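Participant: Okay, predicted coordinates and the sequence, questions at the end:
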Amino acid sequence: MEKPNIKGLYEKILSDKKLKTIAISGLCCLVLLIALVSVYSRTVLEVSVNDRVIGYVQNHEVLSEITEELKSRFEAKLGADVEFVQVIKATPVRAVGHKLAVEDEIIKDLEAALTCKLKAVAINIDGKEIALVKDKGTAENVLQQVKQHYIDQTPGELIKLEVAENVKLVEKYVYPNQIISPEDAKNLILKGSVETRTYEVVEGDSLWAISRRENIPIEELIKANPQLKSEHELALGDIINLTEVKPLLTVSMLKKVTYEESIPYKTETVRDDSMWTWEQKVKQAGEKGTKEVAAEVLFENGIKVSENVIGEKVLKEPVTQIVAKGTKAEVAFRGSGRFIWPVVGQITSPYGKRGREFHTGIDIAQSRGTPVYASNSGTVTFAGWRGGYGNLVIVNHGGGIETYYAHNSKINVSVGQQVEKGQQIAAVGSTGRSSGNHLHFEIRINGSPVNPLNYLNK
Ligand SMILES: [Zn+2]
C-alpha cells in the first residue's frame, strides 16, 4: 500500500505546481488589465478656438498658465488690459493617440487664432457714447481740454463753469481701432465731428467773397462761425469754419471781465452876435472820455450770452464840444429898407409880367464898368457865367434870402467870400441875354424871386 502513496504524493505535488502557474498567470492578467484600463482611461485637454483644434495640453492648470502668458504678451504689445474676443475651449479627450503640444508652439498658434479687445473708456454724453479713449485719465484730460478751450477763447477771470449735459465715463472692452486719439476726441466734442474744413482769411477777404468762392451760402457760413457778427470782424489770418460746428457739450461760464469803453461827449451851442446866422464855429472841440467797466459776463461755448455790469470807473472825463452859432442877421422885411441899391440908375424894366414872360428882377441901366455893390452883407455863393444871366454873382444873406447881380462885365468876388453891405462885387456890363449895359437885380426868398422894390431903400 506504500507505492500508491508515493504516486499520490507526486500527484499532489504536481497538482500544487499547476495551481501556482495558474495563479501567477492569473495575477499577470489582472495587472495587465489594470494597466490597460488605466492607460485607456487617462485624459488630456483638447484646446480649440472656433471649433478649430489648436493642440493638446495635459490639464487645466497648464492651460491657464498658457492663457495667462498669452494675455501678458498681448498686454505688453497693446499697452492695455485685454480681453479675448473668442472663447478658448478645453475638451477632455482620451490621452491615447494624442501628442501633447510643446508650450511655446501652442502659445504661438493661439496667438494667431485669437483677437483681442482692449480695456478702454467711453465718454458718454447724455447717455450717448461719443468717443472711446485709452483710459480714464485720458478721458478726463480730454474733457478738461474742452473746458480750457472755451476758457482761453474768452477774456476775463473765471467765476463759475458748468456743463449742461450729463457726462459719464464707462470702462469697456473694445477693438483697438475703435479707440481715438485725445486730439480727435477733443475736436469731436468741440465741433461735432473730427474733421472740419477751415479757411484762413487773406487780405481783402469778406464773408461774401468766401461764400462765393467756396460755394457756401452766407447764412451757413455765419452759422458755422457764431463768433463773427459781421464781415467787418474778419481779420487777416483768422481761421473760419467752412462747415457748421455743433458742439456736443454746452459749457457755460461766468466770468468777471473788465474792459474800457468810450464815453461820448455832449455838444453845447452858444450864441455869438459877432457871427452871421449862417455861420457856426467849433469853439471847443469835444473829446470822448474813457471808462473802465467791470461786468459779470455769461458765455456759452465761448459766445457772450449776457452781461451784468457790476461797476464803472471813469478814467477820463469827456470834454464837451462847444459850438458858437451866429445871431447877427440882416433880415429883410417888407419895406424895412435894409437893402441898398446895388447900382443907382433908371429902372428900365420892373419886376413882374413882361409880355408872355415873367421878369424875375429889376433892370437898372448904367454905363459899362459902373461898380455894382452888395445890396446887403453876406456870403458869395456863386460867381461866374450862368446862361442868360451872363456873368452872375449870387450873395446869400442868411434867413433864406439871396440877391442876384447879372450881365456884369467883370466880377470882383469869388465863391465863399464874405462881403459887406456896399462892397463892390462886380461892374455893370451886357453879358448873357442882354440888350445893352444894365444890371439885372433879383432878391429871392427861399429860392423864389420877390419884387426888389419892396425891400430896397426908398
Ligand atoms: Zn432883367
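Facilitator: Here it is on my side, so go on.
Participant: Now tell me what touches stretch 268-287 from outside.
Facilitator: 265-267, 318-329, 377-379, 396, 398-399, 418 (CB atoms under 8 Å, 6 or more residues apart in numbering). C-betas here are computed from N, CA, C, even on glycine.
Participant: how about low-confidence regions in the stretch 51-200 of the chain?
Facilitator: Scanning the stretch 51-200 of the chain with the threshold set as pLDDT under 70 gives 194-196.
Participant: Show me what residue of it gets nearest to the ion.
Facilitator: Here the stretch 51-200 of the chain gets closest to the ion at one residue, residue 199, 69.9 Å apart by CB to the ion.
Participant: Off-centre distance for the one helix or strand that residue maps to?
Facilitator: Residue 199 belongs to strand 198-200 when assigned by DSSP states H and E. Distance of strand 198-200 from its chain centroid, counting by CA atoms, centre = their mean, to the nearest Å, is 11 Å.
Participant: now stretch 382-393
Facilitator: For stretch 382-393, the distance to the chain centre is 60 Å (CA atoms, centre = their mean).
Participant: Make 638 the first number, not 1, from now on.
Facilitator: Yes, from this point I'll number from 638; that puts the last item at stretch 1019-1030.
Participant: Buried residues, that stretch. List them.
Facilitator: By 16 or more other CB atoms under 10 Å, the buried positions in stretch 1019-1030 come out as 1019, 1020, 1026, 1027, 1028, 1029, 1030.
Participant: re the thing from before, what is the strand holding residue 836 packed up against?
Facilitator: On a contact count with 3 or more CB pairs under 8 Å, 6 or more residues apart in numbering; DSSP states H and E, strand 835-837 meets strand 876-878.
Participant: partners of the helix or strand following the strand it packs on in the sheet?
Facilitator: Per DSSP H and E, the first helix or strand lying C-terminal to strand 876-878 is strand 888-900. Using DSSP bridges, strand 888-900 pairs in its sheet with strand 794-800 (antiparallel), strand 926-937 (antiparallel).
Participant: which bits of this protein sit near the ion?
Facilitator: Within the chain, the positions adjacent to the ion are 1000, 1077 by CB under 5 Å from the ion.
Participant: List the contacts of the closest residue to the ion within the chain.
Facilitator: Nearest residue of the chain to the ion: residue 1077, at 3.4 Å (CB to the ion). Residues in contact with residue 1077, defined by CB under 8 Å, 6+ apart, are 998, 999, 1000, 1026, 1041, 1042, 1043, 1044, 1071.
Participant: go again using 7 Å as the cut-off
Facilitator: 998, 1000, 1043, 1044 (CB atoms under 7 Å, 6 or more residues apart in numbering).
Participant: What about residue 734, how many residues nearby?
Facilitator: Using other CB atoms under 10 Å, residue 734 is surrounded by 7 other residues.
Participant: That one falls within a helix, correct?
Facilitator: No - remark: residue 734 does not belong to a helix; assigned using DSSP: H, G, I helix; E, B strand; the rest coil, it is coil.
Participant: how about a markdown table for the contacts of residue 1077, with distance to residue 754 added?
Facilitator: Converted to a markdown table, the contacts of residue 1077 look like this (distance: CB to CB, whole Å):
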| residue | distance to residue 754 |
| --- | --- |
| 998 | 106 |
| 1000 | 112 |
| 1043 | 104 |
| 1044 | 107 |
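Participant: By neighbour count, which of these wins?
Facilitator: When neighbours are counted by other CB under 10 Å, residue 1043 leads these with 28 neighbours.
Participant: quick one on the thing from earlier: and of the contacts of residue 1077, the nearest to residue 875?
Facilitator: residue 1043 (62.1 Å; CB to CB).
Participant: chain center to the host helix or strand of the closest one, what's the gap?
Facilitator: Using DSSP H and E, the element containing residue 1043 is strand 1038-1045. From the chain centre to the centre of strand 1038-1045 is a distance of 62 Å (CA atoms, centre = their mean).
Participant: what's that strand packed up against?
Facilitator: strand 1028-1035, strand 1061-1064, strand 1075-1082 (3 or more CB pairs under 7 Å, 6 or more residues apart in numbering; DSSP states H and E).
Participant: want to throw these into CSV with mean pLDDT?
Facilitator: Output for the helices and strands packed on strand 1038-1045, formatted as CSV (pLDDT from 0 to 100):
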stretch, mean pLDDT
strand 1028-1035, 94
strand 1061-1064, 96
strand 1075-1082, 96
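Participant: The helix or strand where residue 920 lies: partners in the sheet, and parallel or antiparallel?
Facilitator: Using DSSP H and E, residue 920 sits within strand 917-921. Applying DSSP bridges, strand 917-921 is found paired with strand 958-965 (antiparallel).
Participant: How about the contacts made by residue 885?
Facilitator: Contacts for residue 885 (CB under 7 Å, 6+ apart) come out as 762, 767, 825, 826, 829.
Participant: secondary structure class for the nearest residue to it once chain neighbours are set aside?
Facilitator: Once flanking residues are discounted, residue 885 sits nearest to residue 826: 4.9 Å by CB to CB, 6 or more residues apart in numbering. Following three-state DSSP, we place residue 826 in the helix state.
Participant: What separation do you get for residue 826 and residue 929?
Facilitator: From residue 826 across to residue 929, the span is 36 Å (CB to CB, to the nearest Å).
Participant: out of those two, which sits in the more crowded spot?
Facilitator: Neighbours per residue (other CB under 10 Å) separate residue 826 from residue 929, with residue 826 holding more: 23 against 13.
Participant: Would you confirm that that one contacts residue 784?
Facilitator: No - Residue 826 is beyond contact range of residue 784, at 10.1 Å (criterion: CB atoms under 7 Å).
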